[in-house]
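Engineer: Quick one, structure for this:
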Amino acid sequence: MENRVKLSVLGISFSQVQAGAYALILAEENGMRRLPIVIGTPEAQSIALVIENITPPRPLSHDLIHSIFKALNIELAEVFIHKFENGAFYSELLLRQYGKEYRIDSRTSDAVAIAMRTRSPIYTTEEIMKNMAIVFDEGISAFSGEQSSESEEDKVPDDLSHLRIDALKNRLEEAVKEENYELASRLRDEIKRRENKS
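Structural biologist: All right, here's what the predicted structure looks like:
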């Protein structure tokens, strides 16, 4: 069997490449690589609700699928992002019911939205990570507590508390545009922290 890489959902950001689309950022567990996947607005909203721990007043499609799985004793064993072809990622759901296994083709955005609700693991191939992932090297200084470099310090200070929220949002857009998803996640977390306070 091919080498597989376990992923977790890091977050969602606006896509700078495609209008009206979002980038779903999947992070390699115990690694520095990030896999950005362009998804549509409905799927981005569905995933964002789970990230934000918000329950909609009426179930969305992915909530409905989750409820059907529970009612019919179906386990989503895993999501497997197994191919990238013609600009699209291909995924499958591995379902188990009464000792039988079923592999179901799915759009990656739908597969991830369902996996987040069922708390199922998400995997991809090492080949996809090599070809499509972005590598972030935090450097040795991350472990020693020193600053990585002056240029990084100039871009965004470690302490974000003195920046106004509109400045944080502008820097978040820039970080995403530059595909600096780690910085984007720090900025996003600070924005969320402030919005939760108000």
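Engineer: low-scoring pLDDT stretches of the chain, where are they?
Structural biologist: Applying pLDDT under 70 to the chain flags residues 1, 15-19, 136-162, 179-182, 185, 198.
Engineer: Quickly list the domain ranges of it.
Structural biologist: In terms of domains, the chain is parsed into 4-135, 143-197 (source: automatic domain parsing).
Engineer: Adding mean neighbour count as columns, could you present the ones you listed in JSON lines?
Structural biologist: C-beta coordinates here come from the backbone N, C-alpha and C atoms, glycine included. Listed next are the domains of the chain as JSON lines, based on neighbours: other CB atoms under 10 Å:
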{"stretch": "domain 4-135", "mean neighbour count": "16"}
{"stretch": "domain 143-197", "mean neighbour count": "14"}
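Engineer: would you put the C-alpha positions of the longest helix along the chain in CSV?
Structural biologist: Using DSSP state H to define each element, the chain has its longest helix at helix 181-197. The C-alpha trace of helix 181-197 is given here as CSV (Å, rounded to 0.1, in the frame of the first residue of the first chain):
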residue,chain,number,x,y,z
TYR,A,181,-0.9,29.9,6.1
GLU,A,182,0.9,29.6,9.4
LEU,A,183,1.0,33.3,9.8
ALA,A,184,-2.6,33.5,8.5
SER,A,185,-3.7,31.1,11.3
ARG,A,186,-2.0,33.2,14.0
LEU,A,187,-3.8,36.3,12.7
ARG,A,188,-7.1,34.5,12.3
ASP,A,189,-6.8,33.3,15.9
GLU,A,190,-6.2,36.8,17.2
ILE,A,191,-9.1,38.2,15.2
LYS,A,192,-11.4,35.4,16.6
ARG,A,193,-10.1,36.1,20.1
ARG,A,194,-11.1,39.7,19.9
GLU,A,195,-14.4,39.2,18.2
ASN,A,196,-15.4,36.7,20.9
LYS,A,197,-14.6,39.3,23.6
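Engineer: Let me see the ranges of the helices in the protein.
Structural biologist: 41-51, 61-71, 108-118, 126-132, 141-144, 150-155, 165-177, 181-197.
Engineer: Same list (the ones you listed) but as CSV, adding distance to residue 80.
Structural biologist: Below are these laid out as CSV (distance: least, CB to CB, whole Å):
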stretch, distance to residue 80
helix 41-51, 18
helix 61-71, 17
helix 108-118, 8
helix 126-132, 10
helix 141-144, 31
helix 150-155, 35
helix 165-177, 27
helix 181-197, 22
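Engineer: Next up, the contacts around residue 165.
Structural biologist: Residue 165 is in contact with 191, 194, 195, counting by CB atoms under 8 Å, 6 or more residues apart in numbering.
Engineer: got a list of what the first one touches?
Structural biologist: By CB under 8 Å, 6+ apart, the contact list for residue 191 reads 165, 168, 169, 172.
Engineer: wait, which of those is closest to residue 43?
Structural biologist: Closest to residue 43 out of the contacts of residue 191 is residue 172 (20.5 Å), distances taken as CB to CB.
Engineer: and the closest one, how far is that from residue 50?
Structural biologist: For residue 172, the distance to residue 50 equals 20 Å [CB to CB, to the nearest Å].
Engineer: Thanks a lot, see you next time.
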